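Quick one: sequence and predicted model below, then my questions.
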Amino acid sequence: MTKFKFRHIAAAVATAALTLSSAPFAAEKPTVVLVHGAFAESSSWNGVAANLLQQGYPVVAVANPLRSLSGDADYVASLVKQTSGPVVLVGHSYGGAVISNAVQGNTNVTALVYVAAFAPEQGETVLELSGRYPGSTLGPTLAAPVILKDGNKDLYIQQDKFGEQFAADVPANDAALMAATQRPVTELALTEAAGEPAWHTVPSWAIYGTADKNIPSAAMKFMAQRAKAKKVVEVPGASHVVMTSHPDKVAALIVEAATATTK
């Protein structure tokens, strides 16, 4: 064996040894699981996901079924259970109620992040919480419900009212696309009582806009404080889709939650 080859092999062995010895001390970036809410879909997270991916975080934007709170939570819980390593659960709007009920003993969930989201206590419903404080103008903007075979109802926002109600700080062309691609939520999902919430035991963070017309900011502030959120961010003038209009602010809070809970 030539001295040249020996030196290269020795260098490779040394590099491998260094890598192996340092690996246990490298913090593992958690997988960020993004859960959209009613009248939205997974692409509403695109800006946030792009930011997180650029920083090296694994990201999964879940297609939330929006059929029932318990069923949606079970669906997300199954995904979390099959995700290796730590997980940060992020929920928007109704998705906040879903992540609150989706931990279900999955010890790999290290943090919860509520983005203009509901954080119900056991027995509460999304519908009741949305009306507990004055300010929501969602009701009059809803279209006639679509009656399903099982008697349940699918709810949509009227497309010509969607931008002003849901995404007032998003460019009009983008808001029109969001209106056309909105996912309906069932009436059952909004009226089903929540189970015991994970925020009792898992640390949480919260961010919302002060111009949200779906969930009054007073309601979100109340829920965040009740959940003893580590940090609450109010974005002046932001609409209900703060993750779409201010993706960098939302991503920054997710990273803060991930960093604070990474061992």
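Perfect, thanks for sending it.

Next secondary structure after the lengthiest strand in the chain?
Identified as the longest strand of the chain according to DSSP state E is strand 109-117. Per DSSP states H and E, the first helix or strand lying C-terminal to strand 109-117 is helix 126-132.

quick revisit: so which elements touch the longest strand of the chain?
Secondary-structure packing of strand 109-117 (3 or more CB pairs under 8 Å, 6 or more residues apart in numbering; DSSP states H and E): strand 87-93, helix 94-100, strand 204-209, helix 217-226, helix 242-245, helix 247-260. C-beta coordinates here come from the backbone N, C-alpha and C atoms, glycine included.

Tell me which of the ones you listed lies nearest to L112.
Closest of the helices and strands packed on strand 109-117 to L112 is strand 204-209, at 4.3 Å (criterion: CB to CB).

who's A117 bridged to?
Per DSSP bridges, the residues bridged to A117 are S93.

In this structure it contacts S204, no?
No: taking contacts as CB atoms under 8 Å, A117 lies outside contact range of S204: 10.0 Å.

How much space separates the residue nearest to P197 when sequence neighbours are not counted from F162?
In space, and not counting its chain neighbours, P197 is closest to S100: 4.1 Å by CB to CB, 6 or more residues apart in numbering. Distance, S100 to F162, by CB to CB, to the nearest Å: 26 Å.

how about the helices of the stretch 51-200 of the chain, start to end?
69-81, 94-100, 126-132, 159-166, 172-180, 187-191 (DSSP state H, counting those that start in this stretch).

Point out the most buried one among the ones you listed.
Neighbour counts (mean count of other CB atoms under 10 Å) averaged over each of the helices of the stretch 51-200 of the chain peak at helix 94-100, with a mean of 31.

Who are the contact partners of L190?
A38, Y94, T125, V126, L127, L155 (CB atoms under 8 Å, 6 or more residues apart in numbering).

Let me see the contact set for the second one.
Taking CB under 8 Å, 6+ apart as the criterion, Y94 is in contact with G37, A38, N64, L66, A117, F118, V126, V185, A189, L190.

in stretch 216-226, what's buried?
Buried residues in stretch 216-226, counting neighbours by 16 or more other CB atoms under 10 Å, are found at P216, S217, A219, M220, K221, M223, A224.

Give me the residues contacting that stretch.
Residues external to stretch 216-226 that are found in contact with it (CB under 8 Å, 6+ apart): 114, 116-121, 129-130, 132-136, 204, 206, 208-210, 212, 232, 234.

Write the PyMOL selection for whichever of these are buried.
Selecting the buried subset of those in PyMOL, with 16+ other CB under 10 Å as the burial test, is done by:
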select buried, resi 114+116+117+118+119+120+129+130+136+204+206+208+209+212+232
